[in-house]
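>>> Sequence and computational prediction follow.
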Amino acid sequence: MKSLFAKMAMATTLGLGMVSVQLPAHADTKVGLILPYTGTYAALGNAITDGFNMAIEEAGRTDEFSIVTEDTEAKPPVGLAKARKLVLQDKVDVMVGVVSSGVLGAMRDFVHQSQTPLIVANAGNNLATGENCSPYIVRVSFSNGQINRPMGTWMAENGIKTVYTLAPDYSAGHQMIESFSAAFTAAGGEIAGSDFTPFGQTKDFGPYLTNAQSSGADAIFVFYAGGGAINFVKQYGSFDIKTPLYGSGFLTSPLYVAAEGDAAIGVRASLHYIPTLDTPENKAFVDAFMAKHGTMPSEYSVQGYDAGLALMAAVDAGGADKKNIAAALPNVSYVGPRGALEIDPATNNIVQNIYVYDTVMGDDGLTQKLIDTIPSVRDDVAGCQM
Amino acid sequence: MDASFWLLQFLNAMQYSMLLFLLSIGLTVIFGLMHFVNLAHASLYMLGAYFGISVSALTGQFWLAFILSPIIVTLIGAILYYTLIDRMRAAGPMNQVLVTFGLIFVILDLVRLGWGDIALGLDAPDALAHTVSFWGISYPAYRLFIIALGLTIMISMWVVLARTQIGAMIRASVENADMAASLGIHVGRLFFVVFCFGCALAGLAGVAAAPIFSATTTMGITILIPTLIVVVIGGLGSLEGAIAGSLIIGFLETFGAVLLPSLSAVLTYILLAVILVLRPQGLIPARG
Amino acid sequence: MFYQTRLRTITLILALGFLAVYASFGSYFAREIVIEITILAILAISLDFCAGFGGMVSLCHGAIMGISAYAFTIMSVKLGLPSVPSAMIGLMAAVVFSGLVGWVTARTSGIFFIMATLAFGQMAYTFFFKSRWLGGDDGMGGIDRFNLSWLGVDMNDALVFALFGVAVLLLVYVIAAILLRSGFGRILSGIHSNENRMQAVGINTANHKAMAMAASGLMAGIAGILAAQHTLYISPELLIWTVSGEVLLVVILGGIGTLIGPVVGAIMLVMLKHELSNYTDYWHMVVGMVLIFAVLAGGRGIFGQIEYWLITRHSPKTPHLPPAKEKDLA
């Protein structure tokens, strides 16, 4: 038994080396979806993939695009290795994806040097369309600054004078809070205090919540996403904190707001998409998504969907191959579920509306109620030279 | 910072310590008694949370989940014991690390398959979903419940270990298993009982924590390190060590977070390094 | 005590040969996999050196590798030094860190030693994670590979770099084998078997253990330089304890205390992971089952089990093989 196992193990190892993955090669455009499918961000990777696939299927163009998926595990070296595989081995014409800004940072030089267009469908690091921009990197999701600057201005203009901020202690957390605070103070507000919670470790926000309340600020503004957001909102509710809670929309994202329960009611946030937007494009999108997946779409699904729309628009404008897609992507503009969208050729970042919304209890559970729209938010050029 | 600030943080620290205690007491006794490195202990905590959410969703009753979830986790623990753990007891620490690490991976993906990748939440029971006002502060009733739960279990275990026969048998087996066996104590059966009890506590900790923290697929791995640190700092195999360790870590992390925010991420590790260098067997080891 | 038996030499040649052939004739991604394997194998050898032969099971080897990689990157990218002196400094940083950890933890053993190394590794991780100057969790890019154009080869070619990795792996194995066969290695084995007795003979075991950790750190540092040059980008991810955990798994899976076992383990784990992830997102479960099965099937690790079986077929007593049941952790 033991020797059989050993022999099989040896044989398998040697045999595995001979196996290579067979890929279909008849479509016009080869797309590499490079997303996390395992680990903490797996849910986001799947949501983006669902949105992307739906865009291609709805347009009836599944024959034109052959899709290869690779798991980045949200780890920079793994993401980079997979990117190299997609470009150098699978010879994709375009890549779509990247949830984690760390992975995007690791891939950036390679994408630029290999001249393979990358449609960023999540990673929000400001530098990717700032100092580290590239003609081959086009972002259809958001930048960290883009989501928070309008909220800073809006809160100051709506009677909030002092704010206490909280976010996880990593670069996205810092970028989100910095852009919020800069806009808030520029509009006349004052930051009463600020805390950064240890990244990945903090599950108990009790100490920070009590700190924030005792500062006496008019409002608390935070950035948390995923499990951290659920914990934060629930604990905020359990402590019965009187100070109103505001945040970056990831705090009450449709993807997981249900887990937050009643504590999420009354929390106001800003985000680039909410499923309750009352436009014909969005209604069609939401109905189709609901029919196909049985849940409401989240901002991650729409990012994938818009990546698909952007890709098809670029292919129609330029051509189905790498070079033409790269040239056409920065000039894409259309009306999607999020509203009017265009890519700003100065930064290759998306120009989009930012929606301020309230979380309320609807007939089917928690839902988002639009309060205000800040139209066509555009990032400054901020050091981007292309 | 006034008196109410200190009281609030004190309660936060107590609540976190109690959660750590529930997890670490199971692990330390298994470690100290069976010399078994069970890295998958924290994965049982995760299962406790997820089963608790499912039972509560199915029946609409938190308290039913609270009681059933540890029972389900104990059953799983018993199955693991008979299929894997018992066989591994004599296998040496390195193989135990390998097997339990393998278990961590398997349980992780099984949870992903069963419950999906999105984080899930559980609401605190209506009876406890409010705040209690006293001494100038308002504190969530559910967290007070956790403190009470932890203290109750702490005291009951103390009584059992110090005053009952089974407690004496456990203490004897931890000190010298061979001698205890030669005195007629059925050490193997004792191991099984202790192991199951440890699993029950892990499951209980999971379902108790679920209303405060959400249930995610990485919650097991995240809490594994603090639990191991508590066990090692406190000293293997001793109840007093687990109590001391969980209180120290709980208070250090809570007060560190608000008083020394820039250092708070490393405080626990600095303490761990200092203790291990000065007292390599931990603070209150059960043996020598 | 370490012996370079014929079986081990044959396995080494087979393993290196397989890697070289796979890189040369396999697909593009095969080269990436080979580089990944060589980095993991070098790290695994370094861990087996101190864990398998010295009894010092460390959970900070990922951190040591990361420190070397960061020091190398700081010197070459931030300060503009040429790559070879930067690499030397990177290795020195790894040696200093691991030597210090070894010295400070010399009195601890078993699970306590493991946790102490974990603590130091996590402290290093937090330092790099929070450092704005070093890019924090965004990491640093702009790394260059060694310039071997005077040999007529382009290191930026994946095949060249893969074969370079295989050559470095051979070098590290040889260094480890020589060290283990030397007086230093014998004392280390002695300390592993019975530290008190070594002290009674007059050996300063604390110093010795620190030096062993430093030697192990040197090898881990080599892995770090390779890792940085592979991805041309570095982030604090390398220092998380789960990386160190994975190396430990590889060492145990392959066969702790055999030096070649970890290399076999590294090959198996990386190939398994990559093949599985082509078919399913739930490959963690399969890897977990493989680990459990590997233990149930023998308990000496894959190579260790093969070695044991092959040798005890001919002679019942084998004094130089590691026992299947190791010392208590507690």
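Everything's here; your move.
>>> Show me the strands in the chain, by range?
In the absence of a named chain, chain A is used. Counting by DSSP state E, chain A has strands at residues A:29-35, A:65-71, A:94-97, A:118-120, A:137-139, A:162-168, A:190-197, A:219-222, A:245-248, A:268-271, A:333-336, A:339-344, A:349-362, A:365-377.
>>> right idea, wrong chain: chain C
So, for chain C - with DSSP E - the strands run C:140-141, C:233-234.
>>> mind putting these in a markdown table, mean neighbour count and mean pLDDT included?
(Glycine included, C-beta is placed from N, CA and C.) Below are the strands of chain C laid out as a markdown table (neighbours: other CB atoms under 10 Å in any protein chain shown; pLDDT from 0 to 100):
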| stretch | mean neighbour count | mean pLDDT |
| --- | --- | --- |
| strand C:140-141 | 22 | 85 |
| strand C:233-234 | 26 | 88 |
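>>> anything in stretch C:104-121 near chain B?
Yes: judged by CB under 8 Å from any CB of the partner chain, stretch C:104-121 and chain B are in contact via C:104-105, C:107-112, C:115-116, C:118-120.
>>> Among those residues, name the buried ones.
C:104-105, C:107-112, C:115-116, C:118-120 (16 or more other CB atoms under 10 Å in any protein chain shown).
>>> If we check chain A, which of those residues are in contact?
Among these, not one lies near chain A by CB under 8 Å from any CB.
>>> Return the subset of these lying in helices.
Within those, residues falling in helices by DSSP state H are C:104, C:110-112, C:115-116, C:118-120.
>>> Contact residues of the stretch 151-300 of chain A facing chain C?
Residues of the stretch 151-300 of chain A lying near chain C (CB under 8 Å from any CB): A:169-171, A:199.
>>> From the residues you listed, pick the one nearest B:Ile185.
A:Phe199 (47.8 Å; CB to CB).
>>> Contacts only, for the closest one.
A:168-170, A:173, B:265, C:129, C:137 (CB atoms under 8 Å, 6 or more residues apart in numbering or on different chains).
>>> Now with 6 Å, please.
Going by CB atoms under 6 Å, 6 or more residues apart in numbering or on different chains, A:Phe199 touches A:168-170.
>>> Could you export the ones in helices among the buried ones among the residues of stretch C:104-121 next to chain B as CSV, including pLDDT?
Converted to CSV, those look like this (pLDDT from 0 to 100):
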residue, pLDDT
C:Val104, 90
C:Gly110, 82
C:Ile111, 82
C:Phe112, 86
C:Met115, 88
C:Ala116, 90
C:Leu118, 91
C:Ala119, 91
C:Phe120, 93
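>>> Relative to C:Tyr28, which of those is nearest.
Nearest to C:Tyr28 out of these is C:Leu118 (CB to CB; 36.8 Å).
>>> Against chain A, how distant is that closest one?
14 Å (CB to the nearest CB, to the nearest Å).
>>> what's the answer for C:Leu259, then?
18 Å.
>>> what's whichever residue of the stretch 51-200 of chain A sits closest to chain B sitting at in phi/psi?
Going by CB to the nearest CB, chain B is nearest to A:Pro198 of the stretch 51-200 of chain A, at 4.1 Å. Main-chain dihedrals, A:Pro198, degrees, to the nearest 10: phi -50, psi 130.
>>> wait, what's in contact with it?
A:169, B:264-265.
>>> Next, give phi and psi for the residue lying closest to A:Ala327 once chain neighbours are set aside.
Nearest residue to A:Ala327, sequence neighbours excluded (CB to CB, 6 or more residues apart in numbering or on different chains): A:Gly318, at 5.5 Å. The phi/psi pair for A:Gly318 (degrees, to the nearest 10) reads phi -110, psi -60.
>>> Now do the contacts for A:Gly318.
A:324, A:327-328.
>>> Give me the subset of those residues lying in helices.
A:324, A:327-328.
>>> could I get these as CSV with neighbour count and distance to A:Asn46?
Output for the ones in helices among the contacts of A:Gly318, formatted as CSV (neighbours: other CB atoms under 10 Å in any protein chain shown; distance: CB to CB, whole Å):
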residue, neighbour count, distance to A:Asn46
A:Asn324, 17, 30
A:Ala327, 16, 31
A:Ala328, 20, 28
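>>> what's the closest of those to B:Glu240?
A:Ala328 (70.1 Å).
>>> What pLDDT does the model give the closest residue to that closest one other than its chain neighbours?
Distance criterion CB to CB, 6+ apart; nearest residue to A:Ala328, sequence neighbours excluded, is A:Gly318 at 3.3 Å. Here, the pLDDT recorded for A:Gly318 equals 79.
>>> Pull the contacting residues for the residue most central in space within chain C.
In chain C, the centroid-proximal residue (CA atoms, centre = their mean) is C:Leu43; its distance is 1.6 Å. The contact partners of C:Leu43, by CB under 6 Å, 6+ apart, come to C:65, C:220, C:223, C:247.
>>> among those residues, which are in helices?
C:65, C:220, C:223, C:247.
>>> which one of those residues sits closest to A:Thr243?
Among these, and counting by CB to CB, the member closest to A:Thr243 is C:Met65, at 45.1 Å.
>>> does stretch B:209-223 come close to chain C?
No: with CB under 6 Å from any CB of the partner chain as the criterion, chain C is not reached by stretch B:209-223; the gap is at least 7.4 Å.
>>> is that stretch up against chain A anywhere?
Yes: using CB under 6 Å from any CB, stretch B:209-223 comes into contact with chain A via B:213-214, B:216, B:218.
>>> Tell me the residues on the stretch 1-150 of chain A that lie near chain B, please.
A:40, A:42-43.
>>> low pLDDT regions in chain B?
Applying pLDDT under 70 to chain B flags the ranges B:1, B:287-288.
>>> now the strands: where do they sit in it?
B:131-134, B:137-140.
>>> could I get the longest helix seen in chain A in PDB with only the CA atoms?
Counting residues, the longest helix found in chain A (DSSP H) is helix A:299-317. Output of helix A:299-317 as PDB, limited to C-alpha atoms (Å, rounded to 0.1, in the frame of the first residue of the first chain):
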ATOM      1  CA  GLU A 299     -21.300  47.600  -7.400                       C
ATOM      2  CA  TYR A 300     -18.900  44.700  -8.100                       C
ATOM      3  CA  SER A 301     -21.300  43.100 -10.600                       C
ATOM      4  CA  VAL A 302     -21.800  46.300 -12.400                       C
ATOM      5  CA  GLN A 303     -18.000  46.900 -12.600                       C
ATOM      6  CA  GLY A 304     -17.700  43.600 -14.400                       C
ATOM      7  CA  TYR A 305     -20.700  44.400 -16.600                       C
ATOM      8  CA  ASP A 306     -19.300  47.800 -17.500                       C
ATOM      9  CA  ALA A 307     -15.900  46.200 -18.200                       C
ATOM     10  CA  GLY A 308     -17.700  44.000 -20.700                       C
ATOM     11  CA  LEU A 309     -19.500  46.900 -22.300                       C
ATOM     12  CA  ALA A 310     -16.300  48.900 -22.500                       C
ATOM     13  CA  LEU A 311     -14.500  46.000 -24.100                       C
ATOM     14  CA  MET A 312     -17.200  45.500 -26.700                       C
ATOM     15  CA  ALA A 313     -17.300  49.300 -27.400                       C
ATOM     16  CA  ALA A 314     -13.500  49.300 -27.900                       C
ATOM     17  CA  VAL A 315     -13.700  46.300 -30.200                       C
ATOM     18  CA  ASP A 316     -16.400  47.900 -32.300                       C
ATOM     19  CA  ALA A 317     -14.500  51.200 -32.500                       C
END
